[in-house]
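Asks: Pasting a predicted model and its sequence here:
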Amino acid sequence: MSITTFIIISIIKSLAVIGVLLTAVAYSVWLERKVSARIQNRWGPTRVGPFGLLQPLADGVKFIFKEDLTQPHVYKPLYIAAPMISLVFAITSISVIPFGNWVEVGPWGTYLQITDLNIGLLVVLGITSMGVYGVALAGWSSNNKYSLLGGLRASAQMISYEVSLGLSLVGVLIVAGSLSLRDIVEAQRHLHWNIFLQPVAFFIYLISAYAETNRTPFDLPEAESELVAGYHTEYSAMKFAMFFMAEYANMVTVACLATLMFFGGWLGPVFGPPLLQMTLPVVWFCLKVFFFMFLYVWVRWTLPRFRYDQLMAFGWKVLLPLAVANIVVTALIVAWRA
Amino acid sequence: MAESYQTMLHLILFLFFGTICVAGAINLLAQSHPINSALSLIVVMGSLAAEYLLLGAEFLAAVQVIVYAGAIMVLFVITIMLLNAGAEERTPGSRVAILLGIPGVLIGAVLVAWTLVGRSSTTQSVSIGALWGSPKDIARLLFHDFLLPFEVTSVLILIAIMGAVVLASRPEGSARGARKDG
């Protein structure tokens, strides 16, 4: 492949992935509103388009035309940079996620993934760990007690649960023997999904992932009954929308990672003509990710919020020891079988 | 043809991240507010990670971002936020440091550059992406060749943690000493 084709294919892939991701973000907001409404026996958005399907578009237009307030008491450079930091890191982490197998269009072929690194998983974890700066700086630069408390809570919570999140994935890595997301998926062929091999790791990952993305029951950083809106109290218009988009983009990433690590990624029954054979893996991948997104919403509208000390105790005294025990047991079994 | 393109692209990326790195380091010193300095340090760490990535040391780059930029610097930023540290004060000492420090650094940089340029005929430049640094190689080094130093370091860190716990714990018998909840 010449360098020109490589650059063109890379640009096309990047644009397509970002387009799909942003659409997915917009429609997960719609999904959240629709499902939460059904859980509470309401209708949710119905007015804009059939089933309210154009609601995300209307919301976007509204966010753009709202007045962009900047309070006089904020520290301006960081106040403006914080939402951008959040959104940039939330979107970047999608770049190493593989969402399908090898495809060929005419003479050109490519993997359905922006780039395949042999340390793909570490890249995702690294980029997610940078996302905490957006939240922390937003809380600090707003110069507001509620915002600062929200920012501090968010950083403490994300650091604490990142540890168990990372450790829960080590068990999977021991089984797969690679850090490349593509290899990890390939190791799960013939229904050897890691959810069956590593059930404990899966549940630790799932719980930590809810805490990482600040979703209920772990949404202490923006607990509206205590902190008004936490770190984004002082934000309005598009700046607020950027935090909103970052939260949902993080949810999509975490759902993709859960699919890849535990549910066999794009693997599934493949049949029919060549075109169908190329698209079916992507369909399986999207269905699995959709399941996790639905689970997010379902949990949010079912469980109440933790108390802060419970949250910290749960992370450090329950999840972390469990994750470590899981690693030791997995390593022992793998060593014994080798 | 593709080869020369690649070399040029690598050189451009190297210079780009190198410039960011140096600019971040200078900004770290120039800023008077600690949180801006901490953020500049994050930029320095991040661009260093990008340089490692260009050298082919992917694992090292990822660890640099996760450990330094992602974990240690978050603690720095939280501490600054918690202490609500204000702008740095200028003292007579800092004026002397500026007067002597800047020429000193310039002389040092010139010396290093001069030595490197003078020896460039005997040393070889590392071709970009040629270093081996896959997780497997590093793991073999850490857990096989250098197992003892690695374990000794971990014991050292454990002692440091215990020391921190002892220093941070409240003296026995103090009024608020016996809190049950976490």
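Replies: On my side now, so go ahead.
Asks: which strands and helices sit next to whatever helix or strand B:L75 lives in?
Replies: Element membership for B:L75 (DSSP states H and E) is helix B:73-83. Where contact means 3 or more C-beta pairs under 8 Å, 6 or more residues apart in numbering or on different chains; DSSP states H and E, helix B:73-83 is packed against helix A:132-141, helix A:145-176, helix B:34-55. Placement of C-beta: from N, CA and C, glycine included.
Asks: got the angle between that helix and helix A:145-176?
Replies: Put simply, helix B:73-83 runs at 160 degrees to helix A:145-176, going by axes from the mean of the first three to the mean of the last three C-alpha atoms, to 10 degrees.
Asks: List, one by one, the residues from the stretch 201-338 of chain A near chain B.
Replies: A:309, A:312-313, A:316-317 (C-beta under 8 Å from any C-beta of the partner chain).
Asks: tell me which of those residues is nearest to A:I119?
Replies: Closest approach between those and A:I119, by C-beta to C-beta: A:W316, at 27.4 Å.
Asks: that's a helix at the closest one, yeah?
Replies: Yes: under DSSP: H, G, I helix; E, B strand; the rest coil, A:W316 falls within a helix.
Asks: what about it, distance to A:Y161?
Replies: 10 Å (C-beta to C-beta, to the nearest Å).
Asks: The two: which is more packed in?
Replies: A:Y161 (26 against 15; other C-beta atoms under 10 Å in any protein chain shown).
Asks: Now the more buried one. Nearest residue, chain neighbours left out?
Replies: A:A211 (3.8 Å; C-beta to C-beta, 6 or more residues apart in numbering or on different chains).
Asks: so where's the longest helix in the chain?
Replies: Assuming you mean chain A. helix A:3-39 (DSSP state H).
Asks: hm, I was asking about chain B
Replies: Chain B, longest helix under DSSP H: helix B:2-30.
Asks: pull the CA atoms of the lowest-mean-pLDDT helix or strand in chain B into PDB?
Replies: Every helix and strand of chain B was ranked by mean pLDDT, DSSP states H and E. The lowest is helix B:135-140, at a mean of 81. Taking C-alpha atoms only, helix B:135-140 is exported to PDB below (Å, rounded to 0.1, in the frame of the first residue of the first chain):
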ATOM      1  CA  PRO B 135       5.800  -5.500  26.700                       C
ATOM      2  CA  LYS B 136       7.200  -9.100  26.400                       C
ATOM      3  CA  ASP B 137      10.800  -7.900  26.200                       C
ATOM      4  CA  ILE B 138      10.400  -5.500  29.100                       C
ATOM      5  CA  ALA B 139       8.600  -8.200  31.200                       C
ATOM      6  CA  ARG B 140      11.500 -10.600  30.600                       C
END
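Asks: Next SSE downstream of it?
Replies: helix B:147-168.
Asks: Show me how far that next one is from its chain's centre.
Replies: 21 Å (C-alpha atoms, centre = their mean, to the nearest Å).
Asks: list the buried ones in the longest helix of chain B?
Replies: B:17, B:20-21, B:24, B:27-28 (16 or more other C-beta atoms under 10 Å in any protein chain shown).
Asks: and if you look at stretch A:106-123?
Replies: Those would be A:110, A:112-114, A:117-123, for stretch A:106-123 by 16+ other C-beta under 10 Å.
Asks: Please apply the same query to stretch A:17-32.
Replies: A:17, A:21-22, A:24-32.
Asks: go on, stretch B:48-62?
Replies: Buried, per 16+ other C-beta under 10 Å, within stretch B:48-62: B:48-62.
Asks: Now narrow these to whatever sits close to chain A.
Replies: Answer for those near chain A (C-beta under 8 Å from any C-beta): B:58-59, B:62.
Asks: Distance to A:W140 added to those, as TSV?
Replies: Converted to TSV, these look like this (distance: C-beta to C-beta, whole Å):
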residue	distance to A:W140
B:E58	33
B:F59	32
B:A62	27
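Asks: Among those residues, pick out the one closest to chain A, please.
Replies: B:A62 (3.7 Å; C-beta to the nearest C-beta).
Asks: Next, count neighbours for whichever residue of chain B sits closest to chain A.
Replies: Closest residue of chain B to chain A, C-beta to the nearest C-beta: B:G70 (3.2 Å). Look at B:G70: counted by other C-beta under 10 Å, it has 26 neighbours.
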